[in-house]
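Enquirer: Sequence first, then the predicted structure, then my questions.
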Amino acid sequence: MSNNTGRKVPTELGTEKIGKLLMQYAIPAIIAQTAASLYNMIDSIFIGHIPNVGAEAISGLATTFPFMNLSVAFGAMVGVGGATQLSVKLGQRDYDSAKHILGNLMTLSTLVGALFAAISLIFLDEILVFFGASETTLPFARDFMKIILFGNVITHLYFGINAALRASGHPKPAMYATIITVIMNIIFAPLFIYVLDWGIKGAAFATILSQSITLLWQMKLLSNPNELLHLQRGIFKLKKSIVKGILSIGMSPFFINAAACIVVIIINKGLRGYGEHGDISIAAYGIANRMQFIFVMVVLGLTQGMQPIVGYNYGAKRHDRVKSVLTQTIFWATLVTTIGFVVCEFFPEAVANAFTTEPALIEKSAWAMRIMSVFMPIIGFQLVTTYFFQSIGKVNKSIFLSLTRQVLLLIPLLLILPLFIGEKGVWYSMPISDIIAAVLTVAMLVIQFREWKKEEYRP
């Protein structure tokens, strides 16, 4: 092990009070994730108000959500997998391995991002039609995704480096990176969409340009030789053991996002096939989903703040601290999703008005928000527990929980219920799967706590 005297090592993860530590790490991540969700929402609002084509454009954007989820799935597989390994190795004080994990994370992000973009661009139209685009909305979806895919490597590196910064004890720079990106997007998007008259293409250009500028700043941060983890020669060559570890842990977030991709495809196809006005229903789902996404992203910010604390203390065999950070994170996550429930149930028309001025779309979006958010308070607990298992390396349990709601419950419901009650079956499937998945999550968590209790009393 190399000499790291004088280098910054996040030892407070194992010594500081859990409540203070969680806020220290979670608040920057929450701000960053909230900014990221607003970033996506702002794009939707700007696109929804493009003169004469706003409703069609926002419906076209909604059909790109599965594509975006799939790209995120591959990015998270590398970024989250690498970040989790980083925090565990730091907890074990294996700093040489941590350095090589950083380098391998960046190399894998580049390779995966480039390969995904190349394959997607070749079959772009076919994929978008499969994802639910109609003749009317396909041109908008195509224009948006072409630009996004050309910048896919930048996007993967941007998110991967941010995950590494959080895991290595730098939550504030990770937060600043996201905030900078959002601010630049707010500036560039209306300029490109309205002033330069680039329409939906302008939103995509604004996204990639904002991430490119922020990525340059991130690279500068990682070039500081005074930091324990920094860019240096010899860390970028892929190592089989590191790649295997990254992909193994990263399978959980990959399956979560890939399953989300499949779900959105089925929802879009169901709304188009069973709804009287397919494009309106898909646009309404896009708006309702964007609104829920804000609160989900806040919870994900909490899980990102939790992850390095859990990973470090689990690596140090401090189960008491692991349990403490988990229970506190669940409390705050449940509070956040309960606030989301109140907003979506009691003020949905006001939310829909921000996205569009078309009465039919406003009415449909408000109805959709109320249905989708019936059991929203329990979503926070479910997400935290899923990412908790991932953070302690219990990959199989994390994958099981992530796939239970999306694949084992939601997809069958989406396929079966509409056969009996039409389009409403698509909408009702979502809250039904939420409540069943929550019960299973409680059972899994109780089993894990009992296992730890047995270990504590084992001679």
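Expert: Sure, I can see it. Given the structure is predicted, the values throughout are model-derived calculations rather than measurements.
Enquirer: So the residue lying closest to Val129 once chain neighbours are set aside versus Glu56, what's the distance?
Expert: In space, and not counting its chain neighbours, Val129 is closest to Leu138: 6.6 Å by C-beta to C-beta, 6 or more residues apart in numbering. Every residue, glycine included, has its C-beta placed from N, CA and C. Distance of Leu138 to Glu56, given as C-beta to C-beta, to the nearest Å: 10 Å.
Enquirer: And for Gly79?
Expert: Noted for Gly79: a distance of 34 Å to Glu56, by C-beta to C-beta.
Enquirer: Which one's more surrounded, the two?
Expert: For Gly79 versus Glu56, the count of surrounding residues by other C-beta atoms under 10 Å is larger for Gly79: 28 against 18.
Enquirer: ok, Gln292 touching Cys344?
Expert: Yes: applying C-beta atoms under 8 Å as the test, Gln292 and Cys344 come out as touching, 6.9 Å apart.
Enquirer: okay, and the common contacts of the two?
Expert: 369, 372-373, 376 (C-beta atoms under 8 Å, 6 or more residues apart in numbering).
Enquirer: what about the helices in the stretch 351-459 of the chain?
Expert: Per DSSP state H, counting those that start in this stretch, the stretch 351-459 of the chain carries helices over the ranges 359-372, 379-391, 395-403, 411-421, 423-457.
Enquirer: Same question for the shortest one: list its buried residues.
Expert: Read that as helix 395-403. Residues of helix 395-403 classed as buried: 395, 397-403 (neighbour count, 16 or more other C-beta atoms under 10 Å).
Enquirer: ditto for the second one
Expert: When neighbours are counted by 16+ other C-beta under 10 Å, the buried residues of helix 379-391 are found to be 379-391.
Enquirer: JSON lines for the residues you listed, including distance to Pro190 and pLDDT?
Expert: Shown next, in JSON lines, are the buried residues of helix 379-391 (distance: C-beta to C-beta, whole Å; pLDDT from 0 to 100):
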{"residue": "Ile379", "distance to Pro190": "32", "pLDDT": "91"}
{"residue": "Gly380", "distance to Pro190": "33", "pLDDT": "91"}
{"residue": "Phe381", "distance to Pro190": "38", "pLDDT": "92"}
{"residue": "Gln382", "distance to Pro190": "37", "pLDDT": "91"}
{"residue": "Leu383", "distance to Pro190": "33", "pLDDT": "90"}
{"residue": "Val384", "distance to Pro190": "36", "pLDDT": "93"}
{"residue": "Thr385", "distance to Pro190": "40", "pLDDT": "92"}
{"residue": "Thr386", "distance to Pro190": "37", "pLDDT": "88"}
{"residue": "Tyr387", "distance to Pro190": "35", "pLDDT": "85"}
{"residue": "Phe388", "distance to Pro190": "40", "pLDDT": "90"}
{"residue": "Phe389", "distance to Pro190": "42", "pLDDT": "88"}
{"residue": "Gln390", "distance to Pro190": "38", "pLDDT": "80"}
{"residue": "Ser391", "distance to Pro190": "39", "pLDDT": "82"}
